[in-house]
Each structure stands twice: as C-alpha cells, then as structure tokens.
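# Got a sequence here, can you build the structure:
(4 chains)
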Amino acid sequence: MLTVSDAPIDAAELLETFETTVASAGAIVTFSGNVRGQSDAGRVQMLDLQAYSPMTQNGIAAAMDDANRHWPLSGLRVAHRTGRILAGETIVFVAAASAHRRAAFEAADFLMDYLKTKAVFWKKEVTEAGAVWIEPRAQDYEDAQRWRAKETTE
Amino acid sequence: MLTVSDAPIDAAELLETFETTVASAGAIVTFSGNVRGQSDAGRVQMLDLQAYSPMTQNGIAAAMDDANRHWPLSGLRVAHRTGRILAGETIVFVAAASAHRRAAFEAADFLMDYLKTKAVFWKKEVTEAGAVWIEPRAQDYEDAQRWRAKETTE
Amino acid sequence: MAKMLYFGRLSDLTGFVEETLDLPGHIQTAGDLRQWLDLRFDGDGALLEPTVRIAINSELCFDSSAISDTDEIALLPPVGGG
Amino acid sequence: MAKMLYFGRLSDLTGFVEETLDLPGHIQTAGDLRQWLDLRFDGDGALLEPTVRIAINSELCFDSSAISDTDEIALLPPVGGG
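Got it, this is the predicted structure:
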C-alpha cells in the first residue's frame, strides 16, 4: 500500500495498522525518516517537497513491485509526505514484513534507497541562511548502486 | 534502554515513545519479531521463553554498547519478552536512531543477529505435535558471522 | 490551452508552479517549447539543460516528440529523492 | 542451602526450574556437582556435556571452580537466542 500526501505521517500509527494486516509474519522492519534539525547550511526550519502525480506514485509502486519480486514479503507499506514539513516531522515511512528477517531488512533498505535517490520529488530546504533546492548526495547514489551490483552477480 | 519482561510488547507504542526521545534524529529503523503461526513441526500454539537475570540483560546491554561504539547512534531501544508467548504476539522489538540511515539499519540488524543467536534465552516451541526446545539455526549463525568478518576486514 | 507545470528550481526561475497558456503556432515539438520558454523566462540556457526532462501527459518524452495545445506539459529538473 | 536453577531442556530433565538443596559435603567444585546431579536425575550424561555450562552467582565458571552451599548455581544448556 502506498500513500503520497501532504498530511502528517504518524509512524507509530502506521506500524500499528500494518501489524494487523500481517499478523504472524515473523519479521517486520520499519524505517521512518524525519527532517533533521541541522544541515550544512545551518539550522533547518522546514523542507518543501514537490511530487508530480501520478509519475511519483507510479515510480514508487514500481519499486515496491521490484521488492515483492525479489524478496518473499507478506506485506509492504510506503507513506511519503509532500509540501511543507517542519524539522522533526516525519517525511517518509516504510514497513516490510516477511517470514525471514533478512528479507524484511533488505526490502526496507532497498525501498529507502529508491526513495532517497530516484523517487520523483523535488526538495527545497529552508534554513536561516535561505532556501535551496537539494540535489541527490553522492552517498545516496552509492547506496542505490549496491542493489544494481547485487542483481548482476546473482 | 533495555527491557526484558513477560509483559506483552506493543511495538507501535514503543516506537511512539522512542520517537519522542530522538526527535530530529533523521533515521529510525525498527524491527519487530512475532511468533510465527507455522513451523517445521506444524501449527505453532506458543513459545515459552526462559531468561536468566541478570545474565540475559547483561549480555544484551553489552551488545547495545558494541552497537553504540560501532555506529553513530542517537538512540537505541531493545524490548524482549519472556514466558509464554502466543502465535502472532511480539517477542522482540529493536529500534535504532541515527542521523545516517545506513547506521540505523546496520545497528538494528546487528542487534537482531545478537538477539537471535547469542542472547541468553531458552526457547520451547509448542505445536500440535508437542513441545520441543529450539536450538539456533545454521542461518542465524551465518547472519551473526557477517559482523565478525566485517570487524576483521576493517 | 496547454497546462504547464514547473518543478523544483524551475518553479523559482519561472515564478510559476503551474500556468495555463496558448502555445504559439510554430511550437510543434518539446524541443521547440524548451527554446521558446528559455527565451520567455530569460533562462539563459537553464531550460535547455539535457538533465531537465519534459513530460507530456505524465510520460517522459524526447525533444523531437510532438506536443499539442491541449497537453499537460511538465518541466522536470533532476529529481532529488524524498 | 544452595539455590539451583535448571534452564531449557534441563528443566524438563530434572523436573525443576528451581530448587533449594543442601549440597553433600563431598561436593567441592562445579565438576563434582555435575557428576552428582547427573546420577541424581538419571541424566545418562546429559549434565556432563561440555556444552552445558555452569554459572555460580550469575558468572560462568569452570568445572574446577569451587562452589559453596550458599551459592546460586545455574545449569545452562546452549542458548538458542530469542
């Protein structure tokens, strides 16, 4: 299940609901990303995130399909917030359930790499120093690259 | 923070509380393990888990210290249930917070490997076919082995 | 009337997130549109960068792709992830 | 009186999770205790296996370690994780 919306994300509530849909799964891994209070440019006031529907949703849904093909998952949940998001608030929530904890860890990790580097979002960071549009970090590309290497060697 | 207790574990509630202690961390990864409804021996009715205090707690606390030394974490939470745990109920909850999502993922993964293979617990599985004491699986040993390899190559 | 969408830094450059406009008759392809918009917004080449992609009705297209005055046309700088 | 704790499959073997007992005077070390308990519970060597560890007052010990009648003594089969 996928939600892209400007409504606040409550990770605990999403986990609670997710648990009811995957009872006895064995393993559930969640990732919550929130807006850091500090960046290279100074104290962060907010992010402003633009999505382009349905391209943004289609891209994430395709990555979720990839994850479901690659790992034996009993459930997958992605919620991504858009619009203005204050420091400390949750931007993204991913949950993966599987009978195997390695599969749950890897699927959540894989989806976060997609969401952080390839997902169709434009992100403006607003600090005391002003507002800047953020381009992907080199580290994010490397993380995403790990999965490509894995696909080739298998 | 560490809890080992026979009281039920509510993963969503633990995540909610954890979030308040690590606001603006950047990344939070959680793992919840629940009792699978099915095992090789048949339909699972319950697990019965014995811990030996304070040895069990000391071992987990030492693994948490290891994680804190190895990764830049802003918070760590482990809750482990003991006693009789029915199918579908949560046995273990781990949460790791960091400014870096890779650190949060790896720390949670590392702690789960410790908890699943080396933690001081004795586990009896009760199925329709009877009750058996469970020894660690080979896969669990391999998972834990990954971190040892990593330590040697670094 | 075409519906134009400008994302990321292009919304700062153009001053619009969204606008509706009549495309001049000589604009037949996505490439034509790029050139025209870059002049119109004084983009100094910002809209000509190959990393800026164009989507017609939510599908990424090439500069040679035909556009029509009834399309939804989006200008997309490199995506930064969430 | 020593407090004895039997974990995992040893609680099935002995029929106790916990018991309090007076140790016979000839039992001086953890190894002596092991031998005596294995006979007492008809363990057929189950309590002699090297993978069964003994802890005295929560510290793992060797078979040569001295034990006293006031200790908490735990018999620990291999741990299986949670």
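
# Chain B contacts on chain A?
Applying Cβ under 8 Å from any Cβ of the partner chain, one finds that chain A approaches chain B through A:11-13, A:15-16, A:19, A:23-38, A:87-88, A:99, A:101-102, A:104-105, A:108-109, A:112, A:116, A:143. Heads up, the C-betas are built off the backbone N, CA and C, glycines and all.

# if we go to 7 Å?
Within chain A, the residues that sit near chain B (Cβ under 7 Å from any Cβ of the partner chain) are A:11-12, A:15-16, A:19, A:23-37, A:87-88, A:99, A:101-102, A:105, A:109, A:112, A:143.

# Take the residues you listed and keep only those in strands.
Counted as lying in strands by DSSP state E, out of the residues of chain A next to chain B, are A:A27, A:I28, A:V29, A:T30, A:F31, A:S32, A:G33, A:N34.

# Now restrict the residues of chain A next to chain B to buried residues only.
A:11-12, A:15-16, A:19, A:24-37, A:87, A:99, A:101-102, A:105, A:109, A:112, A:143 (16 or more other Cβ atoms under 10 Å in any protein chain shown).

# what about the chain, any weak spots by pLDDT?
No chain was given, so I picked chain A. Chain A contains residues with pLDDT under 70 at A:135-145, A:148-154.

# thinking again about what came up before, closest to C:I56 out of the ones in strands among the residues of chain A next to chain B?
A:G33 (32.0 Å; Cβ to Cβ).

# which ones are touching the closest one?
A:T90, A:I91, A:V92, B:G26, B:A27, B:R101 (Cβ atoms under 7 Å, 6 or more residues apart in numbering or on different chains).

# which parts of chain A sit against chain C?
Counting by Cβ under 7 Å from any Cβ, chain A sits next to chain C at A:49-50, A:52, A:54-55, A:80, A:91-92, A:115-123, A:133-136, A:140.

# Buried only: go through those for me.
If you count burial by 16+ other Cβ under 10 Å, the buried members of the residues of chain A next to chain C come out as A:49-50, A:52, A:55, A:80, A:91-92, A:115-123, A:133-136, A:140.

# Which of these fall within helices?
A:M55, A:L115, A:K116, A:T117, A:D140 (DSSP state H).

# that older thread, show me which pair in the contacts of A:G33 is furthest apart.
A:T90 and B:R101 (13.4 Å).

# Residue in chain A with the shortest distance to chain C?
Using Cβ to the nearest Cβ, the single residue of chain A nearest to chain C is A:W122, 3.3 Å away.

# all strands of chain C, in order?
Counting by DSSP E, chain C has strands at residues C:2-6, C:18-21, C:53-56, C:59-61, C:72-76.

# picking that back up, just give me the closest of the ones in strands among the residues of chain A next to chain B to D:W36.
Using Cβ to Cβ, these come closest to D:W36 at A:A27, 43.5 Å.

# Dig out what the closest one forms beta bridges with.
Applying DSSP bridges to A:A27 gives these bridge partners: A:S98, B:G33.

# Contacts only, for it.
A:A97, A:S98, A:H100, A:R101, A:A104, B:F31, B:G33.

# same deal with C:G45?
Here C:G45 is in contact with C:D38 (Cβ under 7 Å, 6+ apart).

# any idea how far it lies from chain D?
Distance of C:G45 to chain D, computed by Cβ to the nearest Cβ, to the nearest Å: 60 Å.

# quick one: contacts for the residue in chain C that chain D sits nearest to?
Across chain C, no residue is closer to chain D than C:G82, which sits at 33.9 Å (Cβ to the nearest Cβ). C:G82 makes contact with A:L49, A:H80, A:I91, A:V92, A:L115, A:K116, A:A119, A:F121, according to Cβ under 7 Å, 6+ apart.

# Return the residues in contact with the second one.
A:H80 makes contacts with A:V4, A:V92, A:L115, C:G82, as judged by Cβ under 7 Å, 6+ apart.

# Please repeat the previous calculation with a cut-off of 10 Å.
Shown in contact with A:H80 (Cβ atoms under 10 Å, 6 or more residues apart in numbering or on different chains): A:2-5, A:9, A:33, A:49, A:51, A:56-57, A:60, A:90-94, A:115, A:119, A:121, C:82.

# What of the first one?
Residues touching A:L49, when contacts are defined by Cβ under 10 Å, 6+ apart, comprise A:4, A:6, A:35, A:56, A:80-85, A:91-92, A:121-124, A:134, C:80-82.
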